[in-house]
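Participant: got a predicted structure plus its sequence, pasted below:
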Amino acid sequence: MSDEKKARILIVDDDPELVFRIRQVLEDEYEVLATCDWAELNSMVFRQGVDLVLMDVNLPVLKGDKLVQILRSVTTSGPKRPKILYFSAEDEATMQGLVTRTGADGYLSKSLRAPELLIGISSALRK
């Protein structure tokens, strides 16, 4: 991707160690941002723009599903609409229910290995 602009991925998670590890996996292919603060999330999505949001479900203040509902209520369509994937250790049935209920674009398990995570993100960005 030397001449191409890298896609911008935003990790929303309150675990700094996990964010560090995911950043290491993604940073060769993507521009990676991270936060668990609503004000920063708001600025990154609506002002700076991101292509994909990896959203943890169990955040300390506003839960991930509420954040996704807020993001989707404001960015429902168009070229600036970021893809949103839940990124969680929750079971598949719970995650599919959240995707359906909140309008997220899918989910990835936190137990995925690096190659699987890269494939999942690449696939979501192409859709």
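Facilitator: Looks like it arrived, so ask away.

Participant: quick one: residues contacting T102.
Facilitator: The neighbourhood of T102, defined by CB atoms under 8 Å, 6 or more residues apart in numbering, consists of 65, 68-69, 72. Heads up, the C-betas are built off the backbone N, CA and C, glycines and all.

Participant: residues near D15, how many?
Facilitator: Applying other CB atoms under 10 Å, we find 14 other residues in the vicinity of D15.

Participant: swap in V19?
Facilitator: 19.

Participant: excluding covalently adjacent residues, which one is nearest to it?
Facilitator: The shortest distance from V19 to any non-neighbouring residue, by CB to CB, 6 or more residues apart in numbering, is to A34 (4.6 Å).

Participant: which stretches of the chain form helices?
Facilitator: Assigned by DSSP state H, the helices in the chain fall at 16-26, 38-43, 64-74, 92-102, 114-126.

Participant: picking up where we left off before, mark which of the contacts of T102 are buried, thanks.
Facilitator: Buried members of those, counted by 16 or more other CB atoms under 10 Å: 65, 68-69.

Participant: export the residues you listed to CSV and tack on distance to E116?
Facilitator: Compiled in CSV, those are given as follows (distance: CB to CB, whole Å):
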residue, distance to E116
D65, 23
V68, 22
Q69, 27
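
Participant: okay, the residue nearest in space to the middle of the chain: pLDDT?
Facilitator: For the chain, the residue nearest the mean C-alpha position is L54 (1.5 Å; CA atoms, centre = their mean). pLDDT, L54: 97.

Participant: quick one: contacts for I119?
Facilitator: By CB under 8 Å, 6+ apart, no residues touch I119.
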